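> The following comprises the amino acid sequence and a computationally predicted model.
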Amino acid sequence: MFDNLSNDKRGQVGIGTLIVFIAMVLVAAIAAGVLVNTAGFLQATAQDAGQESVDKVTNRVEVLNTHGIVGANDTIKYINMTVRLAAGSSSVDMNETSIKYLSGSEVVQLTNSTSASTADADEFALNEITDNDNSFGVLNSMDDRYEVVVSAGHIEASTNTDGLSTGETVRLDITSRTGGTTTVILTMPQQLAGKTEGKPVKL
């Protein structure tokens, strides 16, 4: 059957050829393993980045209404906001939530103080309105309602005022631990003269 093969056309099946073949198989296997591991790592990274992006958009609070408390000298001393979970949001821990306060003269970063009933220049206060499962401090149900209190009087004290004057605007950025942010821009009433100190007014 092999009568037609000449000496210079015989296949080489020596040990050297076998070693080269095995080396090629090993290199291909290692390369395939590296590619599979890299693909898995990239997939996991993409999933984490995607989840973080979703959390920044959805995990935040919604401000339902706002009102101010009148201070001395026709100012707004306290800003009160009623908050709940935004639609589609998972739980938001108000203990790890911050509020950036920006007015015409002051900018401060406020953290939560659930241990105190009043706010000051560094912390906002949190009061329970409704919390069916006794998890005060954590919004984990659409039925939960908290009152957030910001003390404009303490923050604006360096300007020798008792708070925000008529017509002034303040911006409040409420940011959860995952980065979800709700922005509230409030303008103080144009007329506070004659308002009784300590009384609420709509903002």
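Structure received.

> quick one: the helices in this protein?
Secondary structure of the chain (DSSP state H): helices located at 15-58, 152-155.

> which stretch in those helices is the model least sure about?
Of all these, mean pLDDT reaches its minimum on helix 15-58 (a mean of 71).

> any idea which residue sits dead centre in this protein?
Nearest to the geometric centre of the chain sits Gly179, at 1.8 Å (CA atoms, centre = their mean).

> how about Ser105, what does it touch?
For Ser105, the contacting residues are 156, 158-159, taking CB atoms under 8 Å, 6 or more residues apart in numbering as the criterion. In short, each C-beta sits where N, CA and C put it, glycine included.

> Of these, just the buried ones, ChimeraX syntax please.
To isolate the buried subset of those in ChimeraX, counting by 16 or more other CB atoms under 10 Å, use the following:
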select :156
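
> What segments of this structure are strands?
Along the chain, counting by DSSP state E, strands occupy 61-70, 75-85, 92-93, 98-102, 107-113, 123-130, 138-139, 145-151, 164-165, 169-175, 181-187, 200-202.

> Make a markdown table from these and add distance to Ala32 to it.
Shown next, in a markdown table, are the strands of the chain (distance: least, CB to CB, whole Å):
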| stretch | distance to Ala32 |
| --- | --- |
| strand 61-70 | 48 |
| strand 75-85 | 47 |
| strand 92-93 | 44 |
| strand 98-102 | 48 |
| strand 107-113 | 51 |
| strand 123-130 | 55 |
| strand 138-139 | 47 |
| strand 145-151 | 54 |
| strand 164-165 | 66 |
| strand 169-175 | 45 |
| strand 181-187 | 44 |
| strand 200-202 | 67 |
